[in-house]
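Peer 1: here is a sequence together with a model predicted from it:
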Amino acid sequence: MKFRNLICLTLLLPLLTVAEDTRPEFEAVATVIDDFHDAAAHGDKERYFAHLTDDAVYLGTDEWERWPKYPDFDDYVEARFKDDSGWDYKSVDRTISFNDQADVAWFDEVLFSTTSGRIRGTGVLTRESGQWKLEHYAMSFLIFNENWDEVIELTRKTKALKESGQ
């Protein structure tokens, strides 16, 4: 019996070591994401943009909102942050995963905003010179499955109105 326990412990020990090794990375990535949101809430463009790679892309909720960091997202953020405030999103549930080398992380989170309610954010971070940076961020609205048909119909109507110039 003791021999069997020893074998089980020997097999599990490497897994425990991996879990311990990724914990600091998990905290580091979570800290970057939290500070990214905090910088937005305070309209701190310099701190906000410091969390993005130079070739980062931000996807908004509208179908046309694909913003490369420069110049599109830079222009948008400059206008939104001009009075030292932007948007306030707080993570209420987040999952972070890593590649085998722990130099790429991806996450999804449910956010809460007093103006928009519950929304989803997803993203990819890469390590640049020892620092985690957001390379891709996407935001989407959460829609209850029971409301799916209504949302589809509303989207079709809005698209038709836009296409007709109204």
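Peer 2: Everything's here; your move. Numbering: from 1, shown residues only.

Peer 1: what's the neighbour count on the closest residue to Tyr70 other than its chain neighbours?
Peer 2: Spatial nearest neighbour of Tyr70, chain neighbours left out: Asp54 (7.4 Å); criterion: Cβ to Cβ, 6 or more residues apart in numbering. To be clear about C-beta, it is placed using only N, CA and C from the backbone, and glycine gets the same treatment. Counted with other Cβ atoms under 10 Å, the neighbours of Asp54 add up to 11.

Peer 1: confidence score at Asp54?
Peer 2: If you check Asp54, the pLDDT there is 96.

Peer 1: surely it is in contact with Lys69?
Peer 2: Yes: between Asp54 and Lys69 there is a contact at 6.5 Å, judged by Cβ atoms under 8 Å.

Peer 1: which residue ranges of this protein form helices?
Peer 2: 2-41, 45-50, 74-80, 148-163 (DSSP state H).

Peer 1: weakest of these by average pLDDT?
Peer 2: helix 2-41 (a mean of 72).

Peer 1: report the beta-bridge partner residues of the closest residue to Pro68 other than its chain neighbours.
Peer 2: Excluding the flanking residues, the one nearest Pro68 by Cβ to Cβ, 6+ apart is Val57, at 5.6 Å. Beta-bridge partners for Val57, by DSSP bridges, are Pro68, His136.

Peer 1: Ala39 touches Arg47, doesn't it?
Peer 2: Yes: under the criterion of Cβ under 8 Å, Ala39 makes contact with Arg47 at 4.0 Å.

Peer 1: which one's more surrounded, those two?
Peer 2: Shown here are Ala39 and Arg47; by other Cβ under 10 Å, Ala39 has more neighbours (20 against 14).

Peer 1: who's in contact with the more buried one?
Peer 2: Listed by Cβ atoms under 8 Å, 6 or more residues apart in numbering, the contact partners of Ala39 are Lys45, Arg47, Tyr48, His51.

Peer 1: out of those residues, who's nearest Arg156?
Peer 2: Lowest distance from Arg156 to the contacts of Ala39 (Cβ to Cβ) belongs to Tyr48, with 34.9 Å.

Peer 1: can you tell me the closest non-neighbouring residue to the closest one?
Peer 2: Closest residue to Tyr48 apart from its sequence neighbours, by Cβ to Cβ, 6+ apart: Ala39 at 3.8 Å.

Peer 1: would you check how far apart the one you found and Val151 are?
Peer 2: According to Cβ to Cβ, to the nearest Å, Ala39 stands 31 Å off from Val151.

Peer 1: repeat that for His136.
Peer 2: Counting by Cβ to Cβ - His136 and Val151 are separated by 25 Å.

Peer 1: and if you look at Gly165?
Peer 2: Separation of Gly165 from Val151 (Cβ to Cβ): 23 Å.
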